[in-house]
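Student: Sequence first, predicted coordinates after that:
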Amino acid sequence: MKKSLAAVLFSLALGSPAWSAVNINTATEAELEAVRGIGPSKAKAIVAHRQKYGNFKSLDELEMVKGFSKASVTKLNGSLSVSANKPAATK
């Protein structure tokens, strides 16, 4: 029983959104706000920048978004990802 409980808990942990990086090219404002270090204004700025200029090609491009510095982008590196997927609709 302990082995099966451990297996279930392990599989739940791996499938948890908290363990996966948020894609800044597809995330909604709410999904971005769930990332530690991104509040409502930064989430809104990311989505607005994406809508105006298109998808991000790298996380470093976040430095062009108001409220983000090189240091803040570095801190978010493990929490965010970039892919070429079509951007998500806003709220």
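Tutor: Great, that's in hand.
Student: Spell out the secondary structure type for K57.
Tutor: Put simply, K57 is coil when judged by DSSP: H, G, I helix; E, B strand; the rest coil.
Student: That one touches V82, doesn't it?
Tutor: Yes: using C-beta atoms under 8 Å, K57 makes contact with V82 at a distance of 6.9 Å. For glycine as for every other residue, the C-beta is placed from the backbone atoms N, C-alpha and C.
Student: Settle it for me: which of these two has more neighbours?
Tutor: Applying other C-beta atoms under 10 Å to K57 and V82 shows that V82 carries more neighbours, namely 18 against 10.
Student: Spell out the residue ranges of the strands in this protein.
Tutor: Here the chain has its strands, by DSSP state E, at 22-23, 80-81.
Student: just checking, what packs against the last one?
Tutor: Using 3 or more C-beta pairs under 8 Å, 6 or more residues apart in numbering; DSSP states H and E as the contact criterion, the secondary-structure elements in contact with strand 80-81 are strand 22-23.
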